[in-house]
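Asker: Pasting the sequence and the predicted model now:
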Amino acid sequence: MLNFWQRLGSVFLIALIAILVGILAGTLAGLVFFSASLLWLVIHHTKHMADLEQWLLISDHTPSSIPPGSGIWDNIFALLARYVRTQNQSRQLINLELKQLQSVTAAMPDGIVILDERDHIEWCDPVAEKHLGINLELDMGYQITNMVRQRSFVEYLAAGKFSKPLILKQMRHHRLTLLMQLVPYGNKQKLLISRDITSYERIDAMRRDFIANVSHELRTPLTVVIGYLEMLTADPDIDMEMRSKALKAMTEQTMRMQHLVEDLLTLSRLENTLNKLSESTVDMASMLHELHREAESLSGGRHTIKLSIDSENQILASREELRSAFSNLISNAIRYTPDGGEIGIRWKIKDGKGLFVVSDTGVGIEPEHIPRLTERFYRVDSSRSRDTGGTGLGLAIVKHILNRHQARLKIKSAVGKGSEFCIEFPEKRLIKKS
Ligand code: ADP
């Protein structure tokens, strides 16, 4: 209030001087002086108000752009300059903090979307744009459910119970699996966090498949063994022929389970990254002669098995693992080749690489199966595989062993004509025989 009377003081002063002029020079002179002074005051204020309006209209409000003023306007403009300065400082501070926040969120692997109280998009980071197919420039202010249309998400948002996350499969733009979590905060706003869990999901699906496969593989032999055990328990005086038939079948099924467990343990050992490769110089010729003898005994004279050793090169490898991989390929060739067929085992060098080749004139494999043969439990003909004592894990074991030796498996096959499984060893693993 004091300011108001102070500011009015100049008008009182003009009036007082005008009264004095009126007394000294006549009423008319006093009135003219008073009117002229008031007119000057009005012009003075109008000019400064116009300057202020002009300044308010410009976009860049800096203290230096504030117009100069006189009288009361000098004070007003100085106060305005101080206000603009503090505003600019706090804006700079906010910008700095925003930049820091943006660089933190950009470094995060999760997507973040800020939703207002009506679930409209206020802001999101580039990861969320990628995950949810949002274009922040175009979609800001739109309902999140316009972008994420999955029913489960719409229901999750509507239910308002965000203690548990939601898993969303196969998003619109990518084949992604996302873990979505909503976190309410502030004034009824929400933070939507999206995490890409596609690879975890794939591993989890593989784990589930693996457990289902192992259970399935064990169930059949167990059912047979349990069936015969029940039969023997129920009738202790069963005749000798039936008894020996039951014991033979139980032994076969138990051995089948034993092979499966052995193969599973081998796979798990090979997959264990802590299990380092114990390398030594492997004498290929002596190992192949050994494997040839074993193949002859496994075939029992049903096939012609030829061994060709065209190179004296030895190999730097784990003897035990190499033997296991080679014998898997040879036993497959015997098992998938009808009686009278031919099987070839060959060691040679081509283009500087060491090649171990097993060929057969067996049943062959259709081309569409070839890329999947090294998957665990993948079989072209399940009953043939089981009947010949296969576990469905042989080629998976071979693949793991070859990976550990930086070697590759190449498969060629023609249905009804036969197959060729070739292991290609890199040059660095070859050792010339001195
Ligand atoms: P399995 O124990 O069933 O033989 P593998 O992993 O060793 O398992 O082989 C996977 C599948 O590849 C086999 O079930 C079979 O269908 C096919 N296969 C492997 N080797 C041969 C071969 N020499 N000839 C034809 N099919 C083969």
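Answerer: Received it, and whenever you're ready, just let me know what you need. Note that this is a predicted model, so its numbers are computed, not measured.
Asker: hang on, residue 67 packs against residue 76?
Answerer: No. The pair residue 67 / residue 76 is not scored as a contact, 10.6 Å apart, by CB atoms under 8 Å. In short, each C-beta sits where N, CA and C put it, glycine included.
Asker: Need the overlap of contacts for those two.
Answerer: Listed as contacting both residue 67 and residue 76 by CB atoms under 8 Å, 6 or more residues apart in numbering are 48, 52.
Asker: excluding its backbone neighbours, what's nearest residue 431?
Answerer: Distances taken as CB to CB, 6 or more residues apart in numbering put residue 314 closest to residue 431, at 4.5 Å, once the chain neighbours are dropped.
Asker: Per-residue pLDDT of the one you found, please?
Answerer: With respect to pLDDT, residue 314 scores 95.
Asker: and the stretch 301-434 of the chain, which residues reach the ligand?
Answerer: Counting by CB under 6 Å from any ligand atom, the positions of the stretch 301-434 of the chain adjacent to the ligand are 328, 332-333, 336, 360, 362-363, 365, 373, 378-381, 385, 390-396, 419.
Asker: Could you find the closest non-adjacent residue to the residue of the stretch 151-300 of the chain found nearest the ligand?
Answerer: Proximity of the stretch 151-300 of the chain to the ligand (CB to the nearest ligand atom) peaks at residue 263, 8.2 Å away. Distances taken as CB to CB, 6+ apart place residue 393 nearest to residue 263, at 4.1 Å, with adjacent residues excluded.
Asker: ok so, going back, contact partners for the residue nearest to residue 431?
Answerer: Contacts of residue 314 by CB under 8 Å, 6+ apart are 281-284, 430-433.
Asker: got a winner among these for most neighbours?
Answerer: residue 284 (24 neighbours; other CB atoms under 10 Å).
Asker: which SSE is residue 168 in?
Answerer: Assessed by DSSP states H and E, residue 168 sits inside strand 166-169.
Asker: Pull up the pairing partners for that strand, direction included.
Answerer: Counting by DSSP bridges, the strands paired with strand 166-169 are strand 177-185 (antiparallel).
Asker: what's next to the strand it pairs with, contact-wise?
Answerer: 131-132, 153, 156-157, 162, 165-171, 190-198, 201.
Asker: C-terminal to it, which secondary structure element comes first?
Answerer: strand 189-196.
Asker: still on that earlier bit, quick check on the residues of the stretch 301-434 of the chain next to the ligand: which are buried?
Answerer: For those, a neighbour count by 16 or more other CB atoms under 10 Å gives the buried set as 328, 332-333, 336, 360, 362-363, 365, 373, 378-380, 385, 390-396, 419.
Asker: Where helices are concerned, which of these count?
Answerer: 328, 332-333, 385, 394-396 (DSSP state H).
Asker: Give me the lowest-pLDDT entry from these.
Answerer: Note: of those, the lowest pLDDT belongs to residue 385, at 83.
Asker: Please identify the buried residues of the helix or strand of the chain with the lowest mean pLDDT?
Answerer: Ranked by mean pLDDT, DSSP states H and E, the weakest helix or strand in the chain is helix 382-387, scoring a mean of 82. By neighbour count on 16+ other CB under 10 Å, the buried set for helix 382-387 is 385-386.
Asker: Quick one: distance of it to the chain centre.
Answerer: 37 Å (CA atoms, centre = their mean, to the nearest Å).
Asker: contact partners of it?
Answerer: Helix 382-387 has contacts (CB under 8 Å, 6+ apart) with 220, 256, 335-336, 363, 379, 390, 392.
Asker: ok, then the element right after the helix or strand harbouring residue 231?
Answerer: Residue 231 is part of helix 198-234 when elements are defined by DSSP H and E. Note on helix 198-234: by DSSP H and E, the next helix or strand toward the C-terminus is helix 240-271.
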